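> Sequence plus the predicted model coming up.
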Amino acid sequence: MQLELSKQSGEYSYIGKPIERLEDFRIVRGTHGYTDDLSFADQHYAAILHSPYAHAKIKRIDVSKALQLPGVVYVLTGDEVKARTPPITPRSAQKAPKSHYLLAVDKVRYMGEPVAVVVAKDKYTAYDALDLIEVEYEPLPVVLDPIDALKPGSPLIYEELGTNELIYDKFEFGDVDGAFKKADVIVKDRFKSHRYLSGVPLEPYVVNAFYDKARDELTIYAPDQQPGRTLQTLERMLGVPASKIRIITPPAGGAFGQKLAIWQYMAIISLASIITGKPVKWVQTRRENLYGPHRPSSIMDAELALTKDGRILGMRLHEYLADGNFPYVAGLYALIKFGNMSGIYKIRNVSYEYHSVATNYPPIVQNSGVGKPFMNFVLERLIDIAARKLNIDPAEIRLRNAIDRSEMPYVTFSGEIYESGDFKKTLSTALEMVNYKQLRELQAKLRKEGRYIGIGIACGVEPGTSNLGYYSLSKPGEPDFVGSGQLATVEMLPGGSVKVFMNAPEIGTGHATTLAQVVSDSLGVNISTVQVDFFYDSTTGNLGYAGTYSNLFNDVCVGAVAKAAEILKQRLFKAASQELKVDVDDLEVKDGVVYSRSDPSKRISYKDLSYIMYNRLLKVPKGEDAGLRVTTSYLDPYAKWPNKKDFNIQLTHANSTHIAVVEVDPETYRVKVLDYVVVHDVGNVINPKIVEGLAIGSTLCGVAGAMYEEFKFDENGTNLSLTFEEYLVPTAMEAPEIKLGEIRSPAPNTVLGTKAVGEGGTITSGSAIASAVEDALSPFGVKITELPVLPDKLFNLVKGDA
Amino acid sequence: MYPKPFKYYRASSISEAIEMLEEDEGAKLIGGGQSLVPMMKLGILAPSALVDIGRLKELKYIRASSDSVIIGALVTHSEVEESGDIIEKVPLLAQAASLIGDTQIRDMGTIGGSVAHADPSADYLPNLLVLNARVYISGRSGKREMPIAEFIQGPFMTGLDHNEIVESIKVPTYKGVAHYEKFSIRRQDFGLVNVSMLADFKISETGSIGVNDFRVAIGGLESGPRRLGDIEKAVLDREKFDTFQSLKDMIRSMIEKEELSFQDTLHGSAKYRRHLANVMVVRTLEQVYIKARGGVA
């Protein structure tokens, strides 16, 4: 549905304006109401005991001493969990283990796996009690490498499956063998993706659950990014009907997708509350947060076939994903990557073979951009290698292969519909911003002086909104979820004030401000009268996958709210028409007053109309409901049922070009970013200030993963990166200045022409950094096939010890 | 990230703090707490009691005289960084303080705490070694002092007894120029290699260098920070270098041969750190030379 709204651009009071964020005043003053700020009366606290081993049998657990500690109320272990809850089942894996529960049962499969939960009257007692729990482990052999894990004789993560391969599948589009036969040049390499989190939330997991017997209701406070899904999961796991569960999602102190896996802990803490009858709060420590889940590591063998003038004919991919264990989202990083694998280029012949492999790594989660940073990395690295081999400038080879604006909307090999965009202009604008030609001359001059400057170019799509097809395409049977939509409620209260309930929890990305702008312009009211609830509450209604994820906000969340506001306005106009005896088509609204266009003296305020609709019920127009609450849903019109020949996984496609200019110190191998330019096209923009922040912030998250951040493990699967001293989140001192340029190609399939924003930086920046470092070190013949580019890694590469 | 239970005492004088330490073998002093508290939260240390000396005014002073600056143990890194007396008389130490951790750490952490903790990669230590600093210690039987080189006995090991308190650090003034270089991955991290150098060069119009004083120390070693005595001696013995290049060549060849042992760390292998030591010593020398010629490093 294309709303009237989108045709009025230029006349808005708020949309398109860089208004200050409504959130910031609350955040700065400490009144934003994060989950840990809120407590129940008689609040109890939980602490969790985690496995110190990556793989071990649990021979015995003795909690008797812990229970004797004064203040300890209860200790939950795997046996009780097994008696009360079903095993966790995978969403997308072909093979479903039946031995993985909310807490470890009989064995542990990763370091940090939860083994027992203490409930006590205060949090210090809860933590002290952990030391009194006796667990006897028998260590088992550990396997981390996904290729090793597929070899016969490998330790098995799930014995009942007889294999560690949770998914194997193969896809081919076009004629890949034919393309490679015709090729003048074939380039190939093995690329690796490392384990990190693109964006580590400063607020870790926090859950506060209370099963209130008086109301017979389980209330859970938690910064959950997908509470709609969690509601259904909790019903299934806990045996409590959804009608008796209320999930309240306070603003999150950062999420980055990591909070899509908090549901496991919501279930554990809820169970502890149901058993004890006490409200139970659990605040994860930083160390616990860094145990995982993370972004998975993986290995990809990739080949590109080209003509001698640099035109891409085909691509062949074979990937081994080290999906850790906890198979819930195994394989998630595979098809979302492949579905968008051709990026901004015309590539019709593509094949992909993949293995999702269980290992003793910690679980994985849908971290920012999911598989797309590595998708972009493999594609852009291949193109750089091809450019060098063919002696074509890296900018030129990209321009030669980019989809032309005249071809929009363009349907890719996998069925993605690129709704709009001018990829060549995005790239050429970025080249202009860095003075590309002069920059190359400067690079050559400085090279003679012994300075190693590198220029890295990366182009990428930023797909947004998802039909979640990547969960179902490798699995037999009907998918459990298809399409992409959200629900919203917009309500005018007696007196004319407006309340908005969003299905997209606040995670720091300015949703409330953005929606207040949309609603104010839709209704024609002053923004000060619009209150967007910062807290998501499941009892206000939601669809199955309500949440903030898959970069869907600007599409379906904005769409649902705009549609609800539009319906509300139509209802108010109907009442005004009856009251003023003016035809609806003759009505207009300004500053909350409805008036006749032909006779402006005929006017009535929303306030007076609200009293009619709430109080003077006999004046409510015939056939209309009393009251002014509108709940409605919105679906992206491009969404289709996914199938193996036509994925149609994501529904909007922003794009960007990143150019990184770096200098590598030839003695210390430190990489310094001298200049960093991003030009992005995210369609229309509701709040330019917020969008600028998202673009720069997500770029810095990507640069962090490219230059600093990695979870490192020893051969026993011990996580060595459990504090911020070892896990190198860069600070403002390290952050390069990001220069942002913008072009706008409105999306035809969203109500305001907006597209996704906030993941593009993380998707494309790693490729730009890798490209720049490789360019700088080209005299040494160094190839960058994995990140991060820490100095000692480059030292080893240059010295040939890698 | 929760420490084990501990008792907490606040001392109102140095002698009371010493008594409190004597009462409990497992007690530890806390000043700024910037190393101790994280170690307690991580479960690396579990002292039975903390004796808080953080409010003892008698440990918080900077006293400058013509030949030295005496710095009370509770002076924070920020105060060292910003002290006019320290900047004027021993600027090397102010430079070192400015590179410690992040702003919060510099505002809370103290020089006495850092010295007593003796982290092998601490920023102060190679600088105090080069400056021939002395550590003043208070104990039950009175006061004593030790040269920093004797006080630091190895990684996290000092000449301090359990019932003693670092009271102050005396830093002699120096002639010439000095410079500190640190290589850390992030600005706030401990250095993979730290190098401190002090030189009193007489540079002639032809560019020859007369050496009146030359000291260099390296931090981050497996065995803790130390002076590079052989290099110092060789430079001092030769007294005069015709060119800076000849000085640099000599130091480069000596540091490459020097026996230096580093540990593998997560973000820097022993081999890389050893390589870095060569690079950093030469770079520190270059900065010292720029300063000696009146430039700003």
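Cool, got the structure. Since the structure is predicted, the reported quantities are computational estimates derived from the model, not experimental observations. Numbers count the residues shown, from 1 in each chain, chains lettered A, B, ... in the order given.
> Can you pull the residues of chain B lying near chain A?
Listed as neighbours of chain A in chain B under the rule C-beta under 8 Å from any C-beta of the partner chain: B:1-2, B:4-5, B:38, B:42, B:102, B:183, B:185-189, B:266-269, B:271-272, B:275-276, B:279. C-beta: built from backbone N, CA, C; applies to glycine.
> just the buried members of the residues you listed?
Neighbour counting over the residues of chain B next to chain A (16 or more other C-beta atoms under 10 Å in any protein chain shown) leaves B:1, B:38, B:183, B:185-186, B:188-189, B:266-269, B:272, B:275-276, B:279 as the buried ones.
> Narrow those to those in helices?
In this view, those that belong to helices under DSSP state H are B:Pro38, B:Tyr272, B:His275, B:Leu276, B:Val279.
> ok, the third one touching A:Phe795?
Yes: using C-beta atoms under 8 Å, B:His275 is in contact with A:Phe795, at 6.6 Å.
> quick revisit: may I see the ones in helices among the buried ones among the residues of chain B next to chain A organised as CSV, with distance to B:Asp52 and pLDDT added?
CSV is the format used below for these (distance: C-beta to C-beta, whole Å; pLDDT from 0 to 100):
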residue, distance to B:Asp52, pLDDT
B:Pro38, 17, 94
B:Tyr272, 40, 98
B:His275, 43, 98
B:Leu276, 38, 98
B:Val279, 42, 98
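> Would you mind putting those residues into CSV with distance to A:Pro736 alongside?
Below are these laid out as CSV (distance: C-beta to C-beta, whole Å):
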residue, distance to A:Pro736
B:Pro38, 28
B:Tyr272, 24
B:His275, 26
B:Leu276, 23
B:Val279, 23
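> which one of those is nearest A:Arg91?
Nearest to A:Arg91 among these: B:Pro38, at 38.7 Å, using C-beta to C-beta.
> what residues are up against that closest one?
Residues near B:Pro38 by C-beta atoms under 8 Å, 6 or more residues apart in numbering or on different chains: A:Thr723.
> now A:Val119
Counting by C-beta under 8 Å, 6+ apart, A:Val119 touches A:44-46, A:72-76, A:126, A:272, A:276, A:278, A:280.
> Okay, and the beta partners of it?
Listed by DSSP bridges, the beta-bridge partners for A:Val119 are A:Ala46, A:Tyr74.
> Tell me which helix or strand comes right after the helix or strand harbouring B:Val69.
Secondary-structure element containing B:Val69, defined by DSSP states H and E: strand B:68-72. Where DSSP H and E defines the elements, the next helix or strand beyond strand B:68-72 is helix B:77-82.
> Point out where the chain drops to low pLDDT.
Answering for chain A, as no chain was given. Applying pLDDT under 70 to chain A flags residues A:1-10, A:801-802.
> Please refer instead to chain B.
By pLDDT under 70, the weakly predicted segments of chain B are B:297.
> go with 80
Across chain B, the ranges flagged by pLDDT under 80 are B:1, B:295-297.
> The stretch 51-200 of chain B: strands as residue ranges?
Using DSSP state E, counting those that start in this stretch, the strands of the stretch 51-200 of chain B run over B:62-64, B:68-72, B:134-139, B:142-147, B:152-154, B:157-158, B:165-172, B:177-183, B:193-203.
> I'd like to know which of those lies nearest to A:Gln225.
strand B:177-183 (39.1 Å).
> Name the nearest of the contacts of A:Val119 relative to chain B.
Lowest distance from chain B to these (C-beta to the nearest C-beta) belongs to A:Ala126, with 8.9 Å.
> what does the helix or strand the closest one falls within contact?
Per DSSP H and E: A:Ala126 is located in helix A:123-130. Helix A:123-130 has contacts (C-beta under 8 Å, 6+ apart) with A:45-49, A:66, A:69-72, A:75, A:116, A:118-120, A:281, A:283, B:2, B:4-5.
> cool, stretch A:63-75 as well?
Against stretch A:63-75 from outside (C-beta under 8 Å, 6+ apart): A:44, A:77, A:116-122, A:125-126, A:128-130, A:132-134, A:272, A:275-276, A:278.
> Looking from chain B, tell me which residue of the stretch 101-250 of chain A is nearest.
For the stretch 101-250 of chain A, C-beta to the nearest C-beta, closest residue to chain B: A:Tyr127, 4.2 Å.
> wait, what's in contact with the residue in the stretch 101-250 of chain B positioned nearest to chain A?
In the stretch 101-250 of chain B, the residue that lies nearest chain A is B:Arg187 (3.8 Å; C-beta to the nearest C-beta). Contact analysis of B:Arg187 by C-beta under 8 Å, 6+ apart lists A:Thr731, A:Met733, A:Glu734, B:Asp102.
> for the helix or strand hosting B:Asp249, packing partners?
Under the criterion of DSSP H and E, B:Asp249 resides in helix B:244-257. In terms of contacts (3 or more C-beta pairs under 8 Å, 6 or more residues apart in numbering or on different chains; DSSP states H and E), helix B:244-257 is packed against helix B:229-238, helix B:270-292.
> Out of the ones you listed, which is the most enclosed?
Of the helices and strands packed on helix B:244-257, the one with the most neighbours on average (mean count of other C-beta atoms under 10 Å in any protein chain shown) is helix B:270-292, at a mean of 20.
> What count of nearby residues applies to the nearest residue to A:Thr412 once chain neighbours are set aside?
Among residues not flanking A:Thr412 along the chain, A:Ser342 sits closest, at 5.3 Å (C-beta to C-beta, 6 or more residues apart in numbering or on different chains). Other residues within reach of A:Ser342, judged by other C-beta atoms under 10 Å in any protein chain shown, total 24.
> residues touching A:Ser342, list them.
Shown in contact with A:Ser342 (C-beta under 8 Å, 6+ apart): A:Met315, A:Val350, A:Leu379, A:Thr412, A:Phe413, A:Ser414.
> Wait, the last one touches A:Phe647, no?
Yes: using C-beta under 8 Å as the test, A:Ser414 is close enough to A:Phe647 to be in contact (4.4 Å).
> Common neighbours of these two, please.
Common contact partners of A:Ser414 and A:Phe647 (C-beta under 8 Å, 6+ apart): A:Gly339.
> most surrounded residue in the contacts of B:Arg187?
The residue in the contacts of B:Arg187 with the most neighbours, by other C-beta under 10 Å, is A:Glu734 (18 neighbours).
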